[in-house]
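Peer 1: just to be clear, the model below is a prediction. Sequence and coordinates:
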Amino acid sequence: MHKKIIFLLFCLLATLAVSGQSKRSVQSIAELLEKSKVFLEYRRFRNDFEKMNAEAGQHLFYKDDYVKLNVAYNDIQEQYNSFLGIVKKDLSNLGTIRLMIKKPDQYALQYLDQYQSVVDAYQRNYIPIYKEVTAPDRSSLGKSKAVTVTMIIMGVELFLEIIDLIQSRKGEDDSSENYVLSTINAYFLKKMEMKPWSELAIEVPTKRLSNDPNPVVEIKQKKKKMPLVLGVENKIVAAPMYEQLNGWVEFNCIDTQKKASKMKFDKPSSKDIGVEVLKNSNGTIERTTQVLQIAQYQTTGRYEEGVQFQLKTSNSGGMYVFALNSANKVRFLYPYNSESLKNCDQKLGMGKDIGVLPASFVVGRDANKTTTLPAPDCSTTPPTERYFTITAPMPASKMEQFCVLLTKSEIDMDRFTKMMEKTSGSLPERLAAVLGDKMVGAKEAGLKMKDHHLLFDTGNAPQRVLPVLFSILRK
């Protein structure tokens, strides 16, 4: 078998070496990827898997079985979309593409291993739970013929077809990271992704199952009294695009007398928040409680109407910034469509909707590798600085509160907004519930204020998103 694979690799690599590769646009590569043999099969599995779960979910008797099938589905969806994310990451990274040219077989084997992990998770973790909850005594699906799916075993040569397509982007250095990511998302990822469970439109049964032979296991943990929230279905944080998450954040302001200064913040306050998370462990559903902390910074002074400020950051990853309006709704300050702000200041006031059109999450860095929000108006020469402006009316809380999400991954802004607005509790509790086990806690991030800079470094933490809350006190 190994000799056959090696022979196929040799033949395919020889063909590639002779034929050469012409540079294609990112869009054309993305469109070709979804039509490759691997992804045609992958999409067939996705369609059948979604249909199988939607059908089974409509016939469940018990709420307990609904929870089990939900968690089992989420596990496969996470594995499935992670493979897509790895391919997307490699296609968007020119450094990786150059390595692929030297070692295509190595990357093809990595793709094969990731694909196989989806096959293994489906067979090992999902199938036992599916059979349990759709047994005749547990489901009206009973003995009727249900939709079944299989994931076929593929050879490494099919994954070299993916490498071949990605390699054809070599040398395309003139494309911005934002453009590349948004193009891949539109023409490949969004067409291939598996739906989240909530979009299968399955109603929750009301009956409880007594004497369940395979109940949800409660993992006992010592924990002090603290707010406890139930983690929601977390399908808003994509696979990581960056390995590290470190840098700094600072705030510059100009008062009503046009005097410039740095905003000063007190030592942060934070409290433990317990997040209950359900996970599939080899076919057994476990309920665990994770303890998280979110840092909250508050200005040492108060600021009056008319004060302007900027956020500056140097960050190895991506960033999102949102505020809460007077109706407690999430409104993104960043990402935004720069055209919508071309000739106007962005206003910050609790009585206004702050959000503008979303774009990609990668912050545009200047020559010093720093980013300023709002971005300068580049339609003038030299570019004109722009600011957020504190406006009337005074919010009931007497502060402007907003959140900076520093992240290794892209976040689905629409789903994030909907989840935040459906989730109850304080802002830290809502963030903890929505981000769940994808969130880096304040302690793990090593947050430290130095010379008006907030320093952060998540080190080797596997989590992807670091939320930090800032409050500007009003006069």
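Peer 2: Right, received. Where do you want to start?
Peer 1: contacts, neighbours, all on C-alpha from now
Peer 2: OK.
Peer 1: for residue 188, which non-adjacent residue is spatially closest?
Peer 2: Distances taken as CA to CA, 6 or more residues apart in numbering put residue 30 closest to residue 188, at 5.1 Å, once the chain neighbours are dropped.
Peer 1: A helix includes the one you found, no?
Peer 2: Yes - according to DSSP: H, G, I helix; E, B strand; the rest coil, the state of residue 30 is that of a helix.
Peer 1: ok, now which ones touch it?
Peer 2: With contacts taken as CA atoms under 8 Å, 6 or more residues apart in numbering, residue 30 has the following neighbours: 183, 184, 187, 188.
Peer 1: what is the nearest of these to residue 48?
Peer 2: The shortest distance between residue 48 and any of the contacts of residue 30, using CA to CA, involves residue 188 and amounts to 19.2 Å.
Peer 1: stretch 189-198 spans what distance, first to last residue?
Peer 2: Start and end residues of stretch 189-198 are separated by 19 Å (CA to CA, to the nearest Å).
Peer 1: ok, and what's touching it?
Peer 2: In this structure, residues lying in contact with stretch 189-198 by CA under 8 Å, 6+ apart are 34, 39, 43, 46, 50, 70, 73-74, 77, 80-81, 84-85, 88, 233, 235.
Peer 1: how much space separates residue 253 from residue 392?
Peer 2: For residue 253, the distance to residue 392 - CA to CA - is 17 Å.
Peer 1: no wait, residue 196
Peer 2: Distance, residue 196 to residue 392, using CA to CA: 40 Å.
Peer 1: same thing with residue 467?
Peer 2: From residue 467 across to residue 392, the span is 27 Å (CA to CA).
Peer 1: compare the two (neighbour count), which wins?
Peer 2: residue 467 (25 against 14; other CA atoms under 10 Å).
Peer 1: in stretch 37-48, what's buried?
Peer 2: Of the residues in stretch 37-48, 38, 39, 42, 43, 45, 46 count as buried by neighbour count, 16 or more other CA atoms under 10 Å.
Peer 1: looking at this, the last one is in a helix?
Peer 2: What it means is residue 46. Yes - under three-state DSSP, residue 46 sits within a helix.
Peer 1: state the pLDDT value of it.
Peer 2: Reported pLDDT at residue 46 in the predicted model: 94.
Peer 1: for it, what are its contacts?
Peer 2: When contacts are counted by CA under 8 Å, 6+ apart, residue 46 is found next to residue 194.
Peer 1: same thing with the second one?
Peer 2: Neighbour list for residue 39: 33, 192 [criterion: CA under 8 Å, 6+ apart].
Peer 1: swap in 6 Å and give it another go.
Peer 2: Not one residue lies near residue 39 by CA atoms under 6 Å, 6 or more residues apart in numbering.
Peer 1: work out for me the element it sits within.
Peer 2: helix 37-57 (DSSP states H and E).
Peer 1: what are the structural domain limits within this protein?
Peer 2: 2-208, 228-474 (automatic domain parsing).
Peer 1: and the shortest one, how far from the chain's centre?
Peer 2: Yep, that's domain 2-208 we're talking about. Domain 2-208 sits 17 Å away from the centroid of its parent chain (CA atoms, centre = their mean, to the nearest Å).
Peer 1: beta partners for residue 290?
Peer 2: With DSSP bridges applied, the residues forming beta bridges to residue 290 are residue 275.
Peer 1: sorry, wrong one. I was asking about residue 467.
Peer 2: With DSSP bridges as the criterion, residue 467 is bridged to residue 405.
Peer 1: the nearest residue to residue 32 once chain neighbours are set aside: neighbour count?
Peer 2: Spatial nearest neighbour of residue 32, excluding adjacent residues (CA to CA, 6+ apart): residue 165 at 7.6 Å. Here the neighbour count serves as a burial measure; for residue 165 (other CA under 10 Å) it reads 21.
Peer 1: tell me which element residue 165 is part of?
Peer 2: Per DSSP H and E: helix 156-167 holds residue 165.
Peer 1: returning to that earlier point: by neighbours, which of the contacts of stretch 189-198 wins?
Peer 2: Greatest neighbour count in the contacts of stretch 189-198, by other CA under 10 Å, goes to residue 80: 24 neighbours.
Peer 1: that one and residue 182: what is the separation?
Peer 2: 20 Å.
Peer 1: shaky segments in the stretch 201-350 of the chain?
Peer 2: For the stretch 201-350 of the chain, residues meeting the criterion pLDDT under 70 lie at 217-234, 325-326, 336-350.
Peer 1: check the stretch 51-200 of the chain too.
Peer 2: For the stretch 51-200 of the chain, the stretches with pLDDT under 70 are 142-147, 170-178.
Peer 1: could you pull out the helices in it for me?
Peer 2: Residue ranges of the helices in the stretch 51-200 of the chain, as given by DSSP state H, counting those that start in this stretch, are 63-92, 94-102, 104-121, 127-133, 156-167, 177-184, 190-192.
Peer 1: what residues sit buried inside the last one?
Peer 2: Buried residues in helix 190-192, counting neighbours by 16+ other CA under 10 Å, are found at residue 192.
Peer 1: name the nearest residue to residue 453, ignoring sequence neighbours.
Peer 2: When the adjacent residues along the chain are set aside, residue 453 lies closest to residue 250, with 4.9 Å between them (CA to CA, 6+ apart).
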